[in-house]
Each structure stands twice: as C-alpha cells, then as structure tokens.
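Novice: Below: sequence and its predicted model.
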Amino acid sequence: MIARLRAIEASAKPSDGVVCFARLYCNVTELVAADVGAGTFVAPTFLERLDIVFADLFFGVVANPARVPSAWAPLFAARSLRGIAPLQFALAGMNAHINRDLPVALVTTCEERGVELRRDSPEHADFERVNDLLARVEERIKASYLTGWLAALDRILHRVDRLDDVLAMWDVRVAREAAWTNAETLWAIRDDTDLRDDFVATLDRTVGLAGRGLLVPADTWLRRLARKLGIGSRG
C-alpha cells in the first residue's frame, strides 16, 4: 500500500490534488502500520485486511479515471485547478474515501472474514483506536498548515478567510463514526443486492456534493508564497 501511494505521489506535481491526498494517505498508513507492529490493536489481522480492501477502492479509482465515482469526481475534476489549497485537496480525498469507500470496505472485510459488524466487538474497538490516531494527525496538519508570523499576517490580509469555513466543514472522527453507521445499514441489507446498490449510489452522490463544498477555492497568495519558500507545512 505504501509503495503504491508513493508511486501516486511521484506521478504528478506536488500541487496536484490527487497527489496531495496520496501524500496524506501515505503518512497516515505509515502511522497505522507502526501501531499494528507495536501491538496496539486487539484484532490486527482484521485491521490489516480492512486497510488493504479500503486502499484498493482508491487505487481502483486512480487506475480508471474515466469512470470515477461521484464521490471522487470533485477531487479528480479539480486536481489541477489553481486557487485550491493542498489541504483542501487532502480533505476532499478523505471525504470521498471515508464517507463513501469505508462503509463498503467494512462490509466487504466482515463478509470475507466471517465477522459480524457490530459495535461491541474487538473490530469496532480497533476502529475507534484508529479514530484517535487520525484525529491527532488531522489536528496536526490543520495547525501546521501555516505557522508563526505568516499565519498572523495571513489573518490580517485575509480577514474573510474561506479556508476557515472549509476546515469547519470537516471532522475526521465524525466522518468515521458516520461511516460505521452507514456500514451497519449496508450490513443489514447485504442480502438485497438491488437495495444495497441503491444505498451505495445515493451515498456516492451525497458525498460528492460535500466534496464540491470542500474544494471551493480558498487559497491565498501568502500561503502559496509560504509553500514556495518552504515555510510551514506542505499541506
């Protein structure tokens, strides 16, 4: 997974929207892998398989850009546009991957391994441990997007800061909680193929609408200058 994500990172400019998401995804995957190796999780083999099934959904979109699901369409359509901050691209990718792909990956993995999808399970306990890890990563990248005196100057020059509105739209813990709930719905209707397909299609479209909101141009010239100078984070 990490090797494939790094290959996607190297496939286009660092400012490319899909590359911005792949960079964040790779960092998070490395952190999860380290925790798995350290024995943090109680059902590590399930979590490892879930990570692979989950990532394969993203890799499938990258491999077939002519048939991008609605949830991913905003990111792929805007990936080369100017005026969108790298952090926005990363969050738009998280929106599509968590809100649309994660419920599907959870149900698929449970079916493969013969595990019941329920909240009073070791698998759900590990799922929440990953929530904690991702929440820490999210706060770190938000806080380090632009730091120090440049952050203060940016606030003075751009008092109506659209990026603040974008960040207010996204919370990874809330998104993953919703993903588990949607997975429970998919699990309950898993034997009704038509109903299951309709549910995923509706979820796909709804997530796509949220993605467009996250990608409203919100970058500023000062942030672009900071990235060129290597000040602050790359996100």
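Specialist: Good, I have the coordinates.
Novice: how deep is Thr40 tucked in, by neighbour count?
Specialist: 15 (other C-beta atoms under 10 Å). (Each C-beta comes from the backbone N, C-alpha and C, glycine too.)
Novice: Quick check, central residue of the protein?
Specialist: Met94 (1.6 Å; C-alpha atoms, centre = their mean).
Novice: I'd like the distance between that residue and Glu30.
Specialist: 16 Å (C-beta to C-beta, to the nearest Å).
Novice: Ala43 too?
Specialist: Relative to Glu30, Ala43 is positioned 20 Å away (C-beta to C-beta).
Novice: the more surrounded of those two?
Specialist: The neighbour comparison of Ala43 against Glu30 (other C-beta under 10 Å) goes to Ala43, with 18 against 13.
Novice: The residue nearest to the centre of the chain reaches Ala175, doesn't it?
Specialist: Yes: the pair Met94 / Ala175 is scored as a contact, 7.1 Å apart, by C-beta atoms under 8 Å.
Novice: Can you say which helix or strand has Leu31 in it?
Specialist: Assigned by DSSP states H and E, Leu31 belongs to helix 17-37.
Novice: list the buried ones in the helix or strand following that helix?
Specialist: Downstream of helix 17-37, the next assigned helix or strand under DSSP H and E is helix 44-63. Neighbour counts over helix 44-63 (16 or more other C-beta atoms under 10 Å) mark 44, 46-51, 53-58, 61-62 as buried.
Novice: Likewise for stretch 101-116?
Specialist: Quick answer for stretch 101-116 (16+ other C-beta under 10 Å): Asp101, Leu102, Pro103, Val104, Ala105, Leu106, Val107, Thr108, Thr109, Cys110, Val115.
Novice: Looking at that stretch now, give me its mean pLDDT.
Specialist: Averaged across stretch 101-116, pLDDT comes to 97.
Novice: Can you pull out the residues in contact with that stretch?
Specialist: Contacts to stretch 101-116, defined as C-beta atoms under 8 Å, 6 or more residues apart in numbering, come from residues 46, 49-50, 53-54, 57-58, 71, 117, 121, 123, 176, 179-180, 182-183, 185-187, 190, 200, 203.
Novice: so who does the residue lying closest to Ala210 once chain neighbours are set aside touch?
Specialist: Distance criterion C-beta to C-beta, 6 or more residues apart in numbering; nearest residue to Ala210, sequence neighbours excluded, is Asn95 at 5.5 Å. Neighbouring residues of Asn95 by C-beta under 8 Å, 6+ apart: Ala71, Trp170, Ala175, Val207, Ala210, Gly211, Leu214.
Novice: Distance of Asn95 relative to Gly213?
Specialist: With C-beta to C-beta as the criterion, Asn95 and Gly213 are 9 Å apart.
Novice: Val32 too?
Specialist: From Val32 to Gly213 the distance is 27 Å (C-beta to C-beta).
Novice: Ala3 is in contact with Glu30, correct?
Specialist: No: counting by C-beta under 8 Å, Glu30 stays clear of Ala3, with 11.4 Å between them.
Novice: lowest average confidence, helix or strand, in this structure?
Specialist: Least confident element among the helices and strands of the chain, by mean pLDDT, DSSP states H and E: helix 148-157 (a mean of 47).
Novice: so where's the protein shaky on pLDDT?
Specialist: In the predicted model, the chain carries pLDDT under 70 at residues 141-169, 218-235.
Novice: ok, which stretches of it are helices?
Specialist: Applying DSSP state H to the chain gives helices spanning 2-9, 17-37, 44-63, 73-78, 86-96, 102-113, 122-143, 148-157, 162-168, 172-188, 193-214, 221-229.
Novice: and those helices, which is most packed in?
Specialist: With neighbours taken as mean count of other C-beta atoms under 10 Å, the helices of the chain reach their highest mean count in helix 86-96, at a mean of 27.
Novice: Sweet, I'm off.
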